[in-house]
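>>> Build me a model from this:
(one chain, ligands or ions: 1)
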Amino acid sequence: MADDGLQAVVSIAGQRSFKGELSVPGDKSISHRALLISALSSGASTIRGLSIGKDVQATKAAIIQLGAKVSARADQLIVEGGPDILRHPAGVINVGNSGTLIRLAAGMTAGLGGRYTFSGDESVNSRPMKRIFAPLMQMGAEIEASNNGETAPFTLHSHGLHGIRYEMPVASAQVKSSILLAGLGATGITTVVEKIPTRRHSEEMLLEAGAQLEVVQLANQTEISIERSHLKPINYDIPGDPSQAAFWLVAALILPDSEVTVRNIYLGDLRSDFLTVLRRMGADLTINYISNNSGDVSARSSQLNSTTISPDEIPGLIDEIPIISVAAAHASGTTVITGATELRVKESDRITVMAAALRSFGVEIKELPDGMEITGGGHLRHGTVSAHLDHRIAMSSSVMAATVEGVTEINGFDSVESSYPDFLAHFEQLTNH
Ligand code: S3P
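Numbering: from 1, shown residues only. Model (predicted):
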């Protein structure tokens, strides 16, 4: 058993249909940033709709450790922050399973100055951190890290940073955000050059909080520049997480007699591209916009066709590839996904681990160095899955399990607590109608 209740091994009986309406947890990327930016803002920010997953709880604990004052009132969280009340923490900042927290908090604390030690679980402590160490060290931070300077645990020491111009070697919103948060406390101008666009929550939220930040869109690249800034408190209202909604929407598409509506999810650029891909595959989807960036999305049982997902599409649907691969297993023809090497350095190696999971269900799947080829249909049966500390593998496999005869065992199911503790309860709610 996991410490707060979800079992490590869960059995899922198949051949269900999904029906109903629900809300999913608040967007995880926006939740992390709302907490970190509130901690940096002088005064009291309020946050509604924060993700209830363990990853974001770890970020809340981290800002409290850094000196922010956090209290709950009714359905909102109040965060009092600002450089005057932040302090160097006693002990290690434990990020749990969260790559976003460790990378963003490293940039933020480097900008604040002082000495900080970060560590996480086995998954985080094996993920590549040089991608943030290189720019932060160029800015003046000193870093001592494990595995010859490659991974967490690491200790970061900074006595003031200076701005740099940094061309991103990988498409990563976490790396971009780490540098921007460091740049917020650096002298001079820090510029991040992105050839391949990634999610823009940090830029948008820092601008809203009053950061001196400028985004210049050139023909072949985006240049984001930031200067030392005084941040003001904001009232954040966080919509539902599209990456979590994707599980229920795909479940409704691939199971007969199904229709699901997920209310109020974030639909901004570079987060909702999976809907475009699913539509291309023949999905019957309806979007009712609530604002420019959010809306209710409904999905109904559909006959899906295979598709080709090209490298330039990957950053806009990076977290949805596991559940898209489940959709592909139910589409006619062969779906080809390439340019997705980054999937190998997520909470698990999502190419190898997802391919093994789908293969256990009888899916014909070929692993490529940078993606996979999945042939739909075939003779599917119940599987046996190992989630490898990866919530998205556990949740994608649960949806796959719902489509086949028999009972599938998912080992490491409790990993879903990092982003979606109510996943199993919602699964039961949608399938018991
Ligand atoms: C995230 C960025 C992406 C994504 C992760 C959340 C963020 O990671 O996969 O789940 O909030 O910035 P990368 O920056 O490593 O691509």
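>>> What's the local residue count around the closest residue to Ser419 other than its chain neighbours?
With CB to CB, 6 or more residues apart in numbering as the criterion, Ser419 has its nearest non-adjacent residue at 4.1 Å, and that residue is Gly53. Where C-beta positions appear, they are placed from N, C-alpha and C, glycine not excepted. Residues contacting Gly53 under the criterion other CB atoms under 10 Å number 26.
>>> repeat for Thr117
In terms of burial, Thr117 registers 16 neighbours under the definition other CB under 10 Å.
>>> just for the chain, where's the confidence low?
Low-confidence segments of the chain, defined by pLDDT under 70: 1-5.
>>> got the residue ranges for the helices in it?
Counting by DSSP state H, one finds helices in the chain at the ranges 28-40, 54-65, 99-112, 130-138, 146-149, 173-183, 201-208, 242-254, 273-280, 321-328, 350-360, 391-402, 423-431.
>>> The residue nearest to Ser419 touches Tyr420, doesn't it?
Yes - taking contact to mean CB atoms under 8 Å, the distance of 6.0 Å between Gly53 and Tyr420 places them in contact.
>>> Tell me how the chain divides into domains.
Segmentation of the chain into domains, based on automatic domain parsing, reads 9-26+239-431, 28-237.
>>> quick one: Leu181 from Arg33, how far?
9 Å (CB to CB, to the nearest Å).
>>> Next up, the contacts around Thr334.
Taking CB atoms under 8 Å, 6 or more residues apart in numbering, we find Thr334 in contact with Ser306, Glu373, Ile374, Thr375, Gly376.
>>> Going by distance to the ligand, which of the residues you listed wins?
Distance ranking of the contacts of Thr334 against the ligand, using CB to the nearest ligand atom, places Ile374 first at 20.2 Å.
>>> tell me which residues form a beta bridge with the closest one?
As for beta bridges, Ile374 partners with Thr335, Ile365 under DSSP bridges.
>>> quick thing: my sequence starts at 5, can you match it?
Renumbered: residue one is now 5, and that last one reads Ile378.
>>> which bits of this structure sit near the ligand?
The chain comes close to the ligand at residues Ser33, Thr104, Ser176, Ala177, Gln178, Ser181, Arg203, Ile322, Asp323, Glu346, as judged by CB under 6 Å from any ligand atom.
>>> if we can go back for a sec, more crowded one of Leu185 and Arg37?
Between Leu185 and Arg37, counting by other CB under 10 Å, Leu185 is the more crowded of the two (28 against 24).
>>> so the more buried one makes contact with Gly111?
Yes - if you go by CB under 8 Å, Leu185 and Gly111 touch, sitting 4.0 Å apart.
>>> and the closest residue to Ile397 other than its chain neighbours, what are its phi and psi?
Sequence neighbours aside, Ala391 is the residue nearest to Ile397 in space, at 4.6 Å (criterion: CB to CB, 6+ apart). When read as degrees, to the nearest 10, the backbone of Ala391 gives phi -80, psi -10.
>>> how close does Ala391 sit to the ligand?
16 Å (CB to the nearest ligand atom, to the nearest Å).
>>> that older thread, ranking by neighbours, what's the top pick from the contacts of Thr338?
Ile378 (26 neighbours).
>>> Let me know how buried Asn296 is, in neighbour terms.
Counted with other CB under 10 Å, residues neighbouring Asn296 total 8.
>>> wait, what's in contact with it?
Contact criterion CB under 8 Å, 6+ apart gives Gly272 as the residues in contact with Asn296.
>>> How about Gly144?
For Gly144, the contacting residues are Ser162, His163, Gly164, Leu165, His166, Ala190, taking CB under 8 Å, 6+ apart as the criterion.
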